[in-house]
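Enquirer: Fold the following for me, if possible:
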Amino acid sequence: MLSFAASSALARQAQAGGRADLFVSADEAWMDVLARAGRLAPGTRADLAGNRLVVIAPAGSTVRLTVRSLAPTLAAGPVTMADPAAVPAGRYGQAALRALGAWPAVAPHVVRADNVRAALALVERGAAPFGIVYLTDARASRRVRIAGLFPDASHPPIRYPLARLANGAAPAEAEAFRRFLLGRQGQAILARYGFARP
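Expert: You can find the predicted model right below:
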């Protein structure tokens, strides 16, 4: 059985003793929380994949943003993004805008969403002219287009760690699946959806 939710929600469930075999996090911080709590099976943590941070616009938009035009365009607002106070994608977006010197001007125009997919949906519906999302989310929708890319150096590396949990019910099966995801076939599947190798 698979359970999808925010990394924070899943990590809190695992920290509270919830039964699961594998945990994949959208950022390293929540995996660190479980590591400190002793919830990870020793030696099973690895980076599964990486991602890029992009600015999206509705599919019909012709705007193309460069590093130089990104800040003044987004400062005109509104721009939607996952909430930086709670969601990894939001923290990456905030870090990128800070690195570009744009956060003070953009922050008043940010529409904070519960998660990346909610930010994507606002742009898809035309409720916001721009959004900050992961490359993989942008590629999953035909109703948006990538208007610009954030430089990789403008934010911490986007990595998705994976680990087997210590209290899993099926450690042998979980380990086999973990190895599959990290192996050539699993990585090829992730690459088809736009994820980068870790």
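Enquirer: For the rest of this, base every contact and every neighbour count on C-alpha atoms.
Expert: Fine.
Enquirer: who's residue 112 bridged to?
Expert: Residue 112 has these beta-bridge partners by DSSP bridges: residue 81.
Enquirer: Distance of the residue of the chain most remote from its centre relative to residue 119?
Expert: Centroid-distance maximum for the chain: residue 172 at 28.4 Å, with CA atoms, centre = their mean. Using CA to CA, to the nearest Å, one gets 38 Å for the distance from residue 172 to residue 119.
Enquirer: tell me the domain ranges of the protein?
Expert: With domains defined by automatic domain parsing, the chain comprises 7-50+159-192, 53-154.
Enquirer: picking that back up, which strand or helix spans the residue farthest from the centre of the chain?
Expert: Take DSSP states H and E as the rule and residue 172 turns out to sit in helix 171-182.
Enquirer: residues in contact with that helix?
Expert: 21, 22, 48, 162, 163, 164, 186, 187 (CA atoms under 8 Å, 6 or more residues apart in numbering).
Enquirer: Pull out the buried residues from that helix.
Expert: In terms of neighbour count (16 or more other CA atoms under 10 Å), helix 171-182 has its buried residues at 171, 174, 175, 177, 178, 181, 182.
Enquirer: Redo these as JSON lines? Include distance to residue 140.
Expert: Putting the buried residues of helix 171-182 into JSON lines (distance: CA to CA, whole Å) gives the following:
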{"residue": "171", "distance to residue 140": "32"}
{"residue": "174", "distance to residue 140": "27"}
{"residue": "175", "distance to residue 140": "29"}
{"residue": "177", "distance to residue 140": "24"}
{"residue": "178", "distance to residue 140": "24"}
{"residue": "181", "distance to residue 140": "20"}
{"residue": "182", "distance to residue 140": "22"}
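Enquirer: helix/strand/coil for the residue positioned nearest the centre of the chain?
Expert: Central residue of the chain (CA atoms, centre = their mean): residue 89, 4.6 Å from the mean position. Following DSSP: H, G, I helix; E, B strand; the rest coil, we place residue 89 in the helix state.
Enquirer: Now do the contacts for the residue lying closest to it once chain neighbours are set aside.
Expert: Closest residue to residue 89 apart from its sequence neighbours, by CA to CA, 6 or more residues apart in numbering: residue 82 at 6.0 Å. Residues near residue 82 by CA under 8 Å, 6+ apart: 88, 89, 90, 112, 113, 114, 115, 116, 118, 119, 132, 133.
Enquirer: how deep is residue 150 tucked in, by neighbour count?
Expert: Residue 150 sits with 20 neighbouring residues when counted by other CA atoms under 10 Å.
Enquirer: Roughly how far does the residue nearest to residue 89 sit from residue 132?
Expert: Between residue 82 and residue 132 the distance is 8 Å, computed by CA to CA.
Enquirer: swap in residue 165?
Expert: 31 Å.
Enquirer: The two: which has the busier surroundings?
Expert: residue 132 (31 against 24).
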